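Asks: With the input below, show me the fold.
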Amino acid sequence: MSNDFKFAVNSIAFDENYQPADSTRATTNFANLARGESRQQNLRNALTMIDNRFNALANWDNPKANRYSVELEIISVDLDIDSNADRFPTIEILKTYIVDHKTKQRIEGIVGNNFSSYVRDYDFSILLLEHNKDKAGFSVPENFGDLHGKLFKCFVESEAYKQNFAKLPVICLSVSDNKTYHQTENQHPILGVEYLPNESSLTEQYFKKMGLKVRYFMPPNSVAPLAFFFFGDLLNDYTNLELISTISTMETFQKIYRPEIYNANASAAKSYKPDLKNSDHSVTQIVYDREERSQLAKKQGKFAEEVFIKPYQDILEQWSANYA
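Replies: Purely as a prediction, here's the structure:
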């Protein structure tokens, strides 16, 4: 396998004092929370929501629902194409840690959770839009997501990944509002009830090129299913506490960013179509600018095109063709 690319892994604590780095994608969930005059209260509220949800799910031997707290690290992955150039910020993910206040242990959780990538912004906000401009129907460019998928797989197979993380990543996203999900009989004690989508989505196909499978589960006392993207066996490769750390973290973010779905006042039915226009929902005490976020995706896609895709086009095409 041709692998001339080197990855550098950096981490920063995501706590109430978190300040986004200059290289952080501004649309990233946690960066969006850490801006403006409410930044510290936003962060404090979000972290409290995560801890409360964790203790509600990890309720055994936890009578006061205060045994655990979750610590988060933002993991930034930079790509070094040739040693003379600046590194390109390729991927940003989250790492969870579980602090057990009873045993005084700090337990490693799951890496992945949130997923952000400048190249994905380029693919969806620049390439896909250009491809469909002035066309009657919607279509996807040939090889759409190939480069991004190979870069992600290359990172997961790299020495840098193996040195930093014990297990393969799990990424947890919101469900798509243009699909219908059907409840199955399958139920997991932590992940909850499994749902199956009526069709595959573009996001699913994109993540498949990254080597990831997907399953949809609605955890106990949640109101909508979450999409879990993973390698291997989601239900058996991870401990209960690891899975709870991902659910509590990502469900909190979704309650903030998609309250119409994840903070709805009624739980998902057996046949469920998410609705971003659902008015019967509660809003969290956390300030968030969704409009700004969608505009920034285009800016960040442009950034990726200008500093990465175009300057290194030949190298990237050759590497992608040779990557097995």
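Asks: who touches stretch 53-73?
Replies: Stretch 53-73 is contacted by residues 11-15, 30, 47, 50-52, 94-102, 106, 109, 190, 219-221, 240-241, 244-245, 247-249, 251-252 when judged by CB atoms under 8 Å, 6 or more residues apart in numbering. In this view, the C-beta of every residue, glycine as well, is placed from N, C-alpha and C.
Asks: Give the next helix or strand downstream of the helix or strand that Gln300 is a member of.
Replies: Element membership for Gln300 (DSSP states H and E) is helix 290-304. Next helix or strand after helix 290-304 toward the C-terminus (DSSP H and E): helix 313-322.
Asks: circling back to that earlier point, separate out the buried members of the contacts of stretch 53-73.
Replies: 12, 14, 30, 47, 50-51, 94-98, 109, 190, 219, 241, 244-245, 247-249, 251-252 (16 or more other CB atoms under 10 Å).
Asks: among the contacts of stretch 53-73, which are in helices?
Replies: 30, 47, 50-52, 240-241, 244-245, 247-249, 251-252 (DSSP state H).
Asks: between the residues you listed, which is nearest Leu316?
Replies: Closest approach between the ones in helices among the contacts of stretch 53-73 and Leu316, by CB to CB: Phe30, at 28.3 Å.
Asks: ok, the residue lying closest to Gln205 once chain neighbours are set aside - contacts?
Replies: Nearest in space to Gln205, with sequence neighbours left out and distances taken as CB to CB, 6 or more residues apart in numbering, is Gly145 at 7.2 Å. Neighbouring residues of Gly145 by CB under 8 Å, 6+ apart: Asp123, Gln205, Tyr206, Lys209, Met210.
Asks: are any of those buried, and which?
Replies: Judged by 16+ other CB under 10 Å, buried ones among the contacts of Gly145: Asp123, Tyr206, Lys209, Met210.
Asks: could you dump the residues you listed to TSV with distance to Arg87?
Replies: Shown next, in TSV, are those (distance: CB to CB, whole Å):
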residue	distance to Arg87
Asp123	20
Tyr206	24
Lys209	23
Met210	21
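Asks: farthest-separated two in those?
Replies: Asp123 and Met210 (11.7 Å).
Asks: Right, I'll call it a day here.
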